[in-house]
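Trainee: sequence plus the predicted model coming up.
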Amino acid sequence: MGPLTIRSVPSPSSAQNPALSVLQQVFGYPSFRGQQADIVDTVIAGRDALVLMPTGGGKSLCYQIPAIVRQQQGRGVTLVVSPLIALMHDQVGALEEVGVKAAFLNSTLDFEATRRIERQLLSGELTLLYAAPERVTNARFQALLDSLHERELLGLFAIDEAHCVSQWGHDFREDYLQLSLLHERWPDVPRIALTATADAHTRADMVERLQLQDARSFISSFDRPNIRYRVVEKKDPRAQFLRFLYDEHKGDAGIVYCGSRKKVDETAEWLLAQGIKALPYHAGLDTATRAKNQDRFLREDGIVMVATIAFGMGIDKPDVRFVAHLDLPKNIEGYYQETGRAGRDGEAADAWMAYGLADVVQQRRMIDEGEAHEDFKRIQRSKLDALLALAESTDCRRVRLLGYFGEGESPPADGPPLGGRAPLGGGEGPQGRRLGAYCGNCDNCLNPPAVWDASEPARMALSCVYRFQKERGQRFGAGHLIDVLRGKETDKTRQHRHQELSTWGIGRLHSETQWRAVLRQLIALGALHVEGEYQTLVLADEARPILRGEQAVRLREGSGEGRVAKAGKTRKSAATAPPVHLDADAQQRLEALKAWRTEVAREHDLPAYLIFPNSTLNELAARNPSSLDEVAAVSGVGAKKLEAYGRELLRVLSAS
């Protein structure tokens, strides 16, 4: 990395602290956030670290700053293990923008480019090298690392998205299992493993499989206070989502997750027909199409990406204003990871999900009919149960979400007493922040739902399933069961003479929607199982206490989208720092800065936010600096960017 000469004089504290100096001089930020400073100091000192930090919390700086400092100390290059070839280009480009020498080795490079980077490595020119786990486990690449180690040029291993090593995680990748070789083959090289999402099972797996038993663990708060969580009951999901989109996020960038490739394609086509700039992304598309669509999403404004879970890991786009789920995710880790791609800039964002009985049935069936061993299925069922409890909850969704990850106190899965709320507060977050019972930024907190006692209807439904099984030796799906409970005559009810059952019509007073909610809850509680190709309902042992009246079943009265007042684009951010207020003149300066940034990004073949994030442009527009020293005082303007763009920024500001 070349000399960084244009910068205001650092504070005495940064002059004595090389990590803080790099943060300020190279990256342009005045101070570390949360546990960053402690993590950075630990890694610089040569200790292993395990870091759990939410998306947008600044994980990359936790290894990039130690990489720079350790190289300045003569300790060599940092190898970053990343599972995402498509994003390595942008990660390296972002580092080069701030004056850090970085490169990647992957299958997109030809032989000559690969040899050139290898020569740079062996000559000590690079600070960071990105590589996929498949390459790291390659014998030729390991020989290259041996050469670096012999020359004392191998300084640090950073394992990004480390949850991929765990079979309990939501993104398990087999190649990660071999990464223990880093410690076995080069035991004197420190390691830092990082992820945004991991429950207790996954954390334990990461420690064991990566041999991090002696590593310091850093677990930040999982809370993303700027994200508003909302769950609606599926009625007409497309119409519900379109209403949400038009009312609150028209023209915004967002991600829509669907459960199948076919649904992704159909939803993207439908959104295009509605005048929404939408693109599909799933594993069934060819590599070139996926790369092109991801590139457009990262570089253009207002794109809605419709995707399966194949999309999103490592996506750094800061201005994703919403993440929507049109189908139920598999578990809370997946839900948290996916929704966490919204609002990385700290501004207000939405996590919107529609789910219904069919989602519950489908997810249960996929687990039960899978080929995994029973222990794995048992864990997956418990993870699904936790997600269903979150979706069905009548109390604060954020407290439940954080409680799942061991932060604060998680409420009971069957919800609070009828007509009230459970006492959820009182826990301490990982950073000592006290978690209350209400977050004030989820649908349940903003507009508490009414609750009704569904214990008697639950017994009716279970009794009817019992009659099918015990009296007739039959099994039926949810739709037919509801018809019998409501006394609705159909060809099937007449064919099987179900009018003769004692349970015929006993549930006439409840609507079909209410019955679907009851069955959804009974499946979520494990009282009913879904089996076979035709998704028939079968009684489980957990039905006994409900049938005996020993366990209450309480449900929310609907979860329609109208329950929460429109958030609107003027909704205040719940992030730590208040948004910068811009008057009319400042707004004009901001638009000019964004136009300039777009041109620069196009020239550099990078997403615009890697040139400068919106927060930096907002501060520039508000302050309207008139000198390079004043530009240097803006957060996000490091020495290299000041040298490269400082005078251009002053020109754009003075002309607008």
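Mentor: Done, it's in. Numbers count the residues shown, from 1 in each chain.

Trainee: drop to CA atoms for contacts and neighbour counts, all remaining ones
Mentor: Fine.

Trainee: just confirm Arg230 contacts Ala351, I think it does.
Mentor: Yes - between Arg230 and Ala351 there is a contact at 6.1 Å, judged by C-alpha atoms under 8 Å.

Trainee: by mean pLDDT, which helix or strand of this structure comes out lowest?
Mentor: Counting by mean pLDDT, DSSP states H and E, the weakest-scoring helix or strand in the chain turns out to be strand 427-428, with a mean of 33.

Trainee: give the closest residue to Glu161 in space, chain neighbours not counted.
Mentor: Thr195 (4.7 Å; C-alpha to C-alpha, 6 or more residues apart in numbering).

Trainee: list the beta-bridge partners for the one you found.
Mentor: Thr195 has these beta-bridge partners by DSSP bridges: Leu52.

Trainee: switch to numbering from 421
Mentor: I'll keep to 421 as the first residue from here, and by that count the last item is Thr615.

Trainee: the stretch 421-570 of the chain: strands as residue ranges?
Mentor: Per DSSP state E, counting those that start in this stretch, the stretch 421-570 of the chain carries strands over the ranges 469-472, 497-501, 522-525, 548-551.

Trainee: what do you get for the stretch 871-1020 of the chain?
Mentor: 871-873, 948-951, 956-959, 974-976.

Trainee: same check, this time on the stretch 671-820 of the chain
Mentor: Under DSSP E, counting those that start in this stretch, the stretch 671-820 of the chain gives strands at 673-677, 698-701, 724-727, 740-745, 769-775.

Trainee: next one: Glu909 relative to Gln511, how far apart?
Mentor: Going from Glu909 to Gln511 by C-alpha to C-alpha, to the nearest Å gives 62 Å.

Trainee: look at those two and report which has more neighbours.
Mentor: Neighbours per residue, other C-alpha atoms under 10 Å: of Glu909 and Gln511, the larger number sits with Gln511, 20 against 15.

Trainee: any idea how far the more buried one is from Leu1070?
Mentor: Per C-alpha to C-alpha, Gln511 is found 27 Å from Leu1070.

Trainee: and Pro438, how many neighbours does it have?
Mentor: Pro438: 19 neighbours (other C-alpha under 10 Å).

Trainee: wait, isn't it in contact with Val489?
Mentor: Yes - Pro438 lies in contact with Val489 (C-alpha under 8 Å); the separation is 6.7 Å.

Trainee: distance between the longest helix along the chain and the chain's centre?
Mentor: Counting by DSSP state H, the longest helix found in the chain is helix 1004-1024. Put simply, helix 1004-1024 sits 29 Å off its chain's centre (C-alpha atoms, centre = their mean, to the nearest Å).

Trainee: ok, now stretch 514-530?
Mentor: Counting by C-alpha atoms, centre = their mean, stretch 514-530 comes out at 25 Å from the chain centroid.

Trainee: span of that stretch from start to end?
Mentor: The first-to-last residue distance of stretch 514-530 comes to 22 Å (C-alpha to C-alpha).

Trainee: repeat that for stretch 1026-1036.
Mentor: Where stretch 1026-1036 begins and where it ends lie 17 Å apart, using C-alpha to C-alpha.

Trainee: hmm, who's touching it?
Mentor: 510, 513-514, 517, 718-720, 737-738, 765, 1017-1018, 1020-1022, 1054-1057 (C-alpha atoms under 8 Å, 6 or more residues apart in numbering).

Trainee: out of these, which are inside helices?
Mentor: Within the contacts of stretch 1026-1036, residues falling in helices by DSSP H are 510, 513-514, 517, 718-719, 1017-1018, 1020-1022.

Trainee: just give me the closest of these to Glu554.
Mentor: Asp510 (19.7 Å; C-alpha to C-alpha).

Trainee: now the strands of the stretch 671-820 of the chain in CSV, with mean neighbour count and mean pLDDT?
Mentor: Supplementary listing: the strands of the stretch 671-820 of the chain in CSV, determined by neighbours: other C-alpha atoms under 10 Å; pLDDT from 0 to 100:
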stretch, mean neighbour count, mean pLDDT
strand 673-677, 26, 97
strand 698-701, 25, 97
strand 724-727, 26, 97
strand 740-745, 26, 97
strand 769-775, 25, 95
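
Trainee: dump the ones you listed to a markdown table, plus distance to Cys884.
Mentor: Putting the strands of the stretch 671-820 of the chain into a markdown table (distance: least, C-alpha to C-alpha, whole Å) gives the following:
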| stretch | distance to Cys884 |
| --- | --- |
| strand 673-677 | 36 |
| strand 698-701 | 43 |
| strand 724-727 | 39 |
| strand 740-745 | 33 |
| strand 769-775 | 25 |
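
Trainee: these: which one's closest to Ser1076?
Mentor: The closest of the strands of the stretch 671-820 of the chain to Ser1076 is strand 673-677. By C-alpha to C-alpha, the value is 26.4 Å.

Trainee: where does the protein have low pLDDT?
Mentor: Scanning the chain for pLDDT under 70 picks out 421-435, 506, 587-591, 734, 828-856, 978-1000.

Trainee: right, I'll call it a day here.
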